[in-house]
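J.: Based on what follows, work out the 3D shape:
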Amino acid sequence: MRVDKLLSKLCLIKTRSIAKNACDKKLVKINGKIAKASAMIINDDIIDFELYGYFNKIKITEVPKGNVSKVKAPEYYEILTRDKLDL
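T.: Numbers count the residues shown, from 1 in each chain. Okay, here's the model as predicted:
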(Lines give C-alpha, C1' and ligand atoms only; values in the text may rest on other atoms or scores of the structure.)
Protein backbone atom coordinates (compact mmCIF):
# COMPACT_ATOMS: atom_id res chain seq x y z
CA MET A 1 0.00 0.00 0.00
CA ARG A 2 1.19 3.54 -0.75
CA VAL A 3 2.54 5.47 2.24
CA ASP A 4 0.19 8.43 1.75
CA LYS A 5 -2.84 6.15 1.59
CA LEU A 6 -1.70 4.14 4.63
CA LEU A 7 -1.14 7.20 6.83
CA SER A 8 -4.61 8.43 5.92
CA LYS A 9 -6.32 5.04 6.41
CA LEU A 10 -4.78 4.55 9.85
CA CYS A 11 -5.92 8.04 10.92
CA LEU A 12 -2.34 9.18 11.54
CA ILE A 13 -2.77 12.07 9.10
CA LYS A 14 -6.17 13.67 8.51
CA THR A 15 -6.36 13.33 4.71
CA ARG A 16 -4.47 11.65 1.92
CA SER A 17 -3.72 15.00 0.28
CA ILE A 18 -2.06 16.24 3.49
CA ALA A 19 -0.04 13.01 3.59
CA LYS A 20 1.01 13.51 -0.05
CA ASN A 21 2.04 17.11 0.62
CA ALA A 22 4.08 15.97 3.65
CA CYS A 23 5.89 13.47 1.41
CA ASP A 24 6.49 16.15 -1.23
CA LYS A 25 8.03 18.40 1.46
CA LYS A 26 10.30 15.52 2.57
CA LEU A 27 8.71 15.24 6.02
CA VAL A 28 8.10 11.48 5.73
CA LYS A 29 10.79 8.79 5.91
CA ILE A 30 10.52 5.02 5.55
CA ASN A 31 13.27 3.06 7.30
CA GLY A 32 15.38 6.23 7.50
CA LYS A 33 15.08 7.18 3.81
CA ILE A 34 13.02 10.09 2.47
CA ALA A 35 9.81 8.68 1.00
CA LYS A 36 7.76 9.65 -2.02
CA ALA A 37 3.98 9.47 -1.65
CA SER A 38 3.92 6.44 -3.95
CA ALA A 39 6.43 4.42 -1.88
CA MET A 40 5.08 1.01 -0.95
CA ILE A 41 4.78 -0.05 2.69
CA ILE A 42 5.22 -3.61 3.91
CA ASN A 43 4.95 -5.19 7.36
CA ASP A 44 7.62 -4.14 9.89
CA ASP A 45 8.49 -0.90 8.05
CA ILE A 46 9.31 2.05 10.30
CA ILE A 47 7.80 5.39 9.27
CA ASP A 48 9.04 8.75 10.62
CA PHE A 49 7.02 11.89 9.97
CA GLU A 50 6.96 15.46 11.26
CA LEU A 51 3.50 16.95 11.27
CA TYR A 52 1.15 18.91 13.53
CA GLY A 53 4.12 20.02 15.68
CA TYR A 54 5.24 16.48 16.56
CA PHE A 55 7.89 14.03 15.40
CA ASN A 56 6.33 10.58 15.14
CA LYS A 57 8.05 7.24 14.66
CA ILE A 58 5.77 4.26 14.11
CA LYS A 59 6.25 0.62 13.18
CA ILE A 60 3.70 -0.94 10.87
CA THR A 61 2.76 -4.32 12.33
CA GLU A 62 0.31 -5.20 9.56
CA VAL A 63 -0.72 -3.50 6.33
CA PRO A 64 -4.53 -3.31 6.22
CA LYS A 65 -6.31 -4.96 3.28
CA GLY A 66 -9.36 -2.70 3.14
CA ASN A 67 -10.94 0.17 5.01
CA VAL A 68 -10.11 0.54 8.70
CA SER A 69 -12.31 2.05 11.40
CA LYS A 70 -10.82 4.62 13.77
CA VAL A 71 -11.30 2.20 16.66
CA LYS A 72 -9.33 -0.61 14.97
CA ALA A 73 -6.62 1.56 13.39
CA PRO A 74 -4.14 1.25 16.33
CA GLU A 75 -4.07 -2.55 15.82
CA TYR A 76 -2.04 -2.04 12.64
CA TYR A 77 0.84 0.03 14.06
CA GLU A 78 2.97 0.54 17.15
CA ILE A 79 4.07 4.02 18.24
CA LEU A 80 7.81 3.99 18.92
CA THR A 81 8.25 7.70 19.72
CA ARG A 82 6.15 10.86 19.69
CA ASP A 83 8.08 14.00 20.57
CA LYS A 84 6.96 17.64 20.50
CA LEU A 85 8.99 19.71 18.06
CA ASP A 86 10.60 22.95 19.22
CA LEU A 87 9.43 25.53 16.71
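J.: Need the three-state assignment for the nearest residue to Ile34 once chain neighbours are set aside.
T.: Nearest non-adjacent residue to Ile34, counting by CB to CB, 6 or more residues apart in numbering: Lys26, 5.0 Å away. For the C-beta atoms, the positions are set from N, CA and C on the backbone; glycine is no exception. What DSSP: H, G, I helix; E, B strand; the rest coil gives for Lys26 is coil.
J.: Against Ala73, how distant is Lys26?
T.: According to CB to CB, to the nearest Å, Lys26 and Ala73 sit 25 Å apart.
J.: quick one, which of these two is more surrounded?
T.: Ala73 (14 against 11; other CB atoms under 10 Å).
J.: contacting residues for the more buried one?
T.: 9-12 (CB atoms under 8 Å, 6 or more residues apart in numbering).
J.: ok, and the most crowded of those?
T.: Neighbour max across these (other CB under 10 Å) = Leu10, 22 neighbours.
J.: and the nearest residue to it once chain neighbours are set aside, what are its phi and psi?
T.: Sequence neighbours aside, Ala73 is the residue nearest to Leu10 in space, at 4.7 Å (criterion: CB to CB, 6+ apart). For Ala73, the backbone dihedrals are phi -50, psi -40 (criterion: degrees, to the nearest 10).
J.: Below-threshold pLDDT in this protein: ranges please.
T.: 87 (pLDDT under 70).
J.: Which stretches in this structure count as strands?
T.: 28-30, 33-34, 46-51, 54-60, 77-84 (DSSP state E).
J.: now, of those strands, which is deepest in the fold?
T.: Across the strands of the chain, averaging neighbours per residue (mean count of other CB atoms under 10 Å) puts strand 28-30 on top, at a mean of 21.
J.: can you list contacts of it?
T.: Under CB under 8 Å, 6+ apart, the answer for strand 28-30 is 3, 7, 19, 22, 34-35, 39, 41, 45-49.
J.: Make TSV from those residues and add distance to Lys57 to it.
T.: Shown next, in TSV, are the contacts of strand 28-30 (distance: CB to CB, whole Å):
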residue	distance to Lys57
Val3	14
Leu7	13
Ala19	16
Ala22	14
Ile34	15
Ala35	13
Ala39	16
Ile41	14
Asp45	11
Ile46	7
Ile47	7
Asp48	5
Phe49	8
